[in-house]
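Asks: one predicted model, sequence on top.
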Amino acid sequence: MAIEQESNPGEADLKMLRRSAIENEIPTYRAVSTRAIFAVLCGFMAALSFAHPAFYLFAAAAVVLGLSADRAIQRYPDVLTGQGLARAGVALGMVFGLSIFTITSVQEFLARREAGAFAREYAKMVKGGSLADLYWIGLPPLNRTQVTPEEHLKQMQEQKQEAAMTDMKYAGLRKLTQDVHGSPQGSITFNAIENLGREDLVVVAIALFDVQAVAPPHEHKEGEADHDHDEPTGPRSGHAMAVIKGTVPEGKSAYEWWVDDVQYPYIPKTAALPETVKAVDDGHGHAH
C-alpha cells in the first residue's frame, strides 16, 4: 500500500505539472512576428505598383521586412513565430515588384522604339514634304481622319484672329524647312529620343534631330570690302527638337503619333518634359 501511495502524484504535483505545460505553450501563441505581418501587408500593397511607380517601395519593404523577420524567427524560435508569413511577404514583394518592373521596362522599350521610328519618318517628311503635310501631322490621329492636309492649311489661313499665335507656334518649323530645303546639301536625320514620359494614357517623347543647312550668302553693303566677311563653303551643323505624342487607339495594338511642337535651332539636352507629364520610372525610383 505504501508503494502505491508513493507512485500516485499528489494534487500539488498535478497543479505544478499543469502550470508548467501552460507556461511552455503561452510563448507559441503570443509572439507572432510584427515584421512578418507588415511584410505581408506591404506585399499586397506592392500590387498597386501597376497604378503608380511609388508603390515599388512597398515591394522593397515587403522583401526587407520578410527577410528580417525570417532571420529573427530562426534566431529565436522559442520566442517568435510567423515564419510562413515572413516568407509569404518576401514572395509577394518579389513577384509583384519584378513582374511590374518587367512590364514597365518592356512598355518603355516599345514606346521608345516606336517613337524613334515615327521620328525617322518625320525627318523624311521635313526633307521632302510640304508645310501643309507638316501642319497636318501636328494634329492628333482622330482629327487627321476628318481633314486633309490642304483643307487643314486652308482652315489655318482663314483664322485671322489666331494668325499671330499660329506664326509663333510654327516659327521654328518654318525656319527648319527653309534651311533644309535651301540647298541640295541640306538634310535632317533623327538622332535619338532624349526623354520619354506619360501624360495619362499619352506617351510624350522629346526627339533630337541633326540638321545640315547651308548658310545664306552674305549680302555685301556698299563700300564693304569682299574680304571683310568669309563666305561659308559648306553646310553648317545644327540640331532640332520635336515634342511628339502617341497613343494606342481602342482596338489597336500600335501607337499612333503626332508632332506637338518643334524647336529650331536647338541645344541638345536642354528641353524638359511638360510639367503635366510624368517621366517614365525604371523601377528603382529613377526617371529616364
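Replies: Ah, there it is.

Asks: immediately after the top helix by length along the chain, which helix or strand?
Replies: Assignment by DSSP state H gives helix 83-128 as the longest helix of the chain. Using DSSP states H and E, the helix or strand that directly follows helix 83-128 along the chain is helix 131-136.

Asks: average pLDDT for that next one?
Replies: For helix 131-136, the mean per-residue pLDDT is 93.

Asks: with stretch 238-256 instead?
Replies: 90.

Asks: next: stretch 197-204.
Replies: Mean predicted confidence for stretch 197-204 is 88.

Asks: could you pull out the helices for the stretch 151-288 of the chain?
Replies: Assigned by DSSP state H, counting those that start in this stretch, the helices in the stretch 151-288 of the chain fall at 163-169, 171-181.

Asks: turn the ones you listed into CSV, columns for distance to Gln74 and mean pLDDT.
Replies: Every C-beta, even on glycine, is put in place using the N, C-alpha and C of the backbone. Listed next are the helices of the stretch 151-288 of the chain as CSV, based on distance: least, C-beta to C-beta, whole Å; pLDDT from 0 to 100:
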stretch, distance to Gln74, mean pLDDT
helix 163-169, 66, 81
helix 171-181, 65, 91
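
Asks: turn these into CSV, including distance to Pro149 and mean neighbour count.
Replies: Formatted as CSV, those follow (distance: least, C-beta to C-beta, whole Å; neighbours: other C-beta atoms under 10 Å):
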stretch, distance to Pro149, mean neighbour count
helix 163-169, 15, 11
helix 171-181, 14, 18
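
Asks: need those helices in CSV (columns: distance to Ile37).
Replies: Below are those laid out as CSV (distance: least, C-beta to C-beta, whole Å):
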stretch, distance to Ile37
helix 163-169, 57
helix 171-181, 58
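
Asks: how far off centre is the longest helix of the chain?
Replies: Remark: helix 83-128 is offset 8 Å from the chain centroid, using C-alpha atoms, centre = their mean, to the nearest Å.

Asks: one more: stretch 256-270?
Replies: That offset, for stretch 256-270, works out to 18 Å (C-alpha atoms, centre = their mean).

Asks: got it, and stretch 48-65?
Replies: Counting by C-alpha atoms, centre = their mean, stretch 48-65 is centred 16 Å from the centre of its parent chain.

Asks: just the CA trace of it, in CSV.
Replies: What follows is stretch 48-65 as a C-alpha-only set of coordinates in CSV (Å, rounded to 0.1, in the frame of the first residue of the first chain):
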residue,chain,number,x,y,z
LEU,A,48,-0.7,48.7,-56.7
SER,A,49,2.6,49.4,-58.5
PHE,A,50,0.5,48.9,-61.7
ALA,A,51,-1.2,52.2,-60.8
HIS,A,52,1.9,54.3,-59.7
PRO,A,53,5.6,53.6,-59.5
ALA,A,54,5.7,54.9,-55.9
PHE,A,55,4.3,51.6,-54.8
TYR,A,56,7.5,49.9,-55.8
LEU,A,57,8.7,51.0,-52.3
PHE,A,58,6.1,48.6,-50.8
ALA,A,59,7.6,45.7,-52.8
ALA,A,60,11.1,46.6,-51.5
ALA,A,61,9.7,46.9,-47.9
ALA,A,62,8.0,43.5,-48.2
VAL,A,63,11.2,41.8,-49.1
VAL,A,64,13.3,43.6,-46.5
LEU,A,65,10.8,43.1,-43.7
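
Asks: what residues of it count as buried?
Replies: 49, 53, 55-56, 58-65 (16 or more other C-beta atoms under 10 Å).

Asks: for the nearest residue to Asn191 once chain neighbours are set aside, give the beta-bridge partners.
Replies: Once flanking residues are discounted, Asn191 sits nearest to Leu208: 4.3 Å by C-beta to C-beta, 6 or more residues apart in numbering. Bridge pairing for Leu208 (DSSP bridges) gives the partners Ala192, Met241.

Asks: contacts for stretch 77-85, please.
Replies: 27-28, 31-33, 36-37, 39-40, 69-70, 72-74 (C-beta atoms under 8 Å, 6 or more residues apart in numbering).
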